[in-house]
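Trainee: Provided below for reference: sequence and predicted model.
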Amino acid sequence: DAGITQSPRHKVTETGTPVTLRCHQTENHRYMYWYRQDPGHGLRLIHYSYGVKDTDKGEVSDGYSVSRSKTEDFLLTLESATSSQTSVYFCAISEERGGSSFQEQFFGPGTRLTVL
Amino acid sequence: GNSVTQMEGPVTLSEEAFLTINCTYTATGYPSLFWYVQYPGEGLQLLLKATKADDKGSNKGFEATYRKETTSFHLEKGSVQVSDSAVYFCALTGTGGFKTIFGAGTRLFVKA
């Protein structure tokens, strides 16, 4: 199994509080991603990173920010949590394969976040 | 833009029944296609993949063939087991890209 951990695994917080989720990898993969999973929506990309300090927005980035100061860590921050951000958050990693478009992703175990 | 459409669930089958989960896609060029599986309480894991037209991906008795003419990548298994109960996601990565687009997922229940 790919070495990907997420912390915390579960969190309950109140509306308006800041929340930071951490993703840590031991695979030295270049690309890292944050997704949220909601019923009926599959996985939606929040932000992604293509290297240290190189990040970009995904399709549902409003209300979220990210940082990647080291290859192995990718942080997702909710500056002021809202109830609509209650979800399960997954981190994923991938690596280049000789320029091929084949990009298998490896997923962490997820963080269940509840915003009251 | 790229997109993936898969059949809505849930799909409920008896053990040893034949499984088909339909997946169609929209993409320019030659994307790579994937099926991921998610067991309860876990993250997604790759089930199988195909990187060019007419390729057949297979794993654990599951198969899917990359059909460019019909832009499809349907998942099949000849005889499902209770342990196959999970959510299945069809996905694609565009030509030269690294971002993956996921379908909404299809939940499969297999009864003993």
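Mentor: In hand now; what should we look at? Numbering: from 1, shown residues only, chains lettered A, B, ... in the order given.
Trainee: Alpha carbons only: can I get stretch B:14-27 in CSV?
Mentor: This file holds the C-alpha atoms of stretch B:14-27, laid out as CSV (Å, rounded to 0.1, in the frame of the first residue of the first chain):
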residue,chain,number,x,y,z
SER,B,14,-27.4,-12.0,-5.9
GLU,B,15,-24.1,-13.9,-5.4
GLU,B,16,-22.8,-15.4,-8.7
ALA,B,17,-24.8,-13.0,-10.8
PHE,B,18,-23.3,-11.2,-13.8
LEU,B,19,-22.4,-7.6,-13.2
THR,B,20,-22.3,-4.7,-15.7
ILE,B,21,-21.7,-1.1,-14.6
ASN,B,22,-21.9,1.3,-17.6
CYS,B,23,-19.5,4.2,-18.0
THR,B,24,-19.2,6.7,-20.9
TYR,B,25,-16.9,9.6,-21.2
THR,B,26,-16.3,12.8,-23.1
ALA,B,27,-12.7,13.8,-23.7
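Trainee: who in chain B is up against chain A?
Mentor: B:30-32, B:34, B:42-46, B:49, B:51, B:89, B:93-100, B:102-105 (C-beta under 8 Å from any C-beta of the partner chain). Bear in mind the C-beta positions are built from the backbone N, C-alpha and C, glycine included.
Trainee: Can you give me every residue that contacts the residue of chain A at minimum distance from chain B?
Mentor: Chain B sits closest to A:Phe107 of chain A, with a gap of 3.4 Å, by C-beta to the nearest C-beta. Applying C-beta atoms under 8 Å, 6 or more residues apart in numbering or on different chains to A:Phe107 gives the contacts A:4, A:90-92, B:43-45.
Trainee: okay if I get these as a markdown table plus neighbour count and secondary structure?
Mentor: Formatted as a markdown table, those follow (neighbours: other C-beta atoms under 10 Å in any protein chain shown; DSSP: H, G, I helix; E, B strand; the rest coil):
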| residue | neighbour count | secondary structure |
| --- | --- | --- |
| A:Ile4 | 23 | strand |
| A:Phe90 | 24 | strand |
| A:Cys91 | 27 | strand |
| A:Ala92 | 26 | strand |
| B:Gly43 | 22 | coil |
| B:Leu44 | 27 | coil |
| B:Gln45 | 16 | strand |
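Trainee: Could you check the pLDDT of the residue nearest to the spatial centre of chain A?
Mentor: Taking C-alpha atoms, centre = their mean, the centroid of chain A lies closest to A:Trp34, which sits 2.2 Å from it. At A:Trp34, the pLDDT value in this model is 97.
Trainee: in which helix or strand would I find it?
Mentor: Here A:Trp34 sits within strand A:31-38, counting by DSSP states H and E.
Trainee: Extract the residue ranges of chain A that are flagged as low pLDDT.
Mentor: Applying pLDDT under 70 to chain A flags residues A:1-2, A:97-102.
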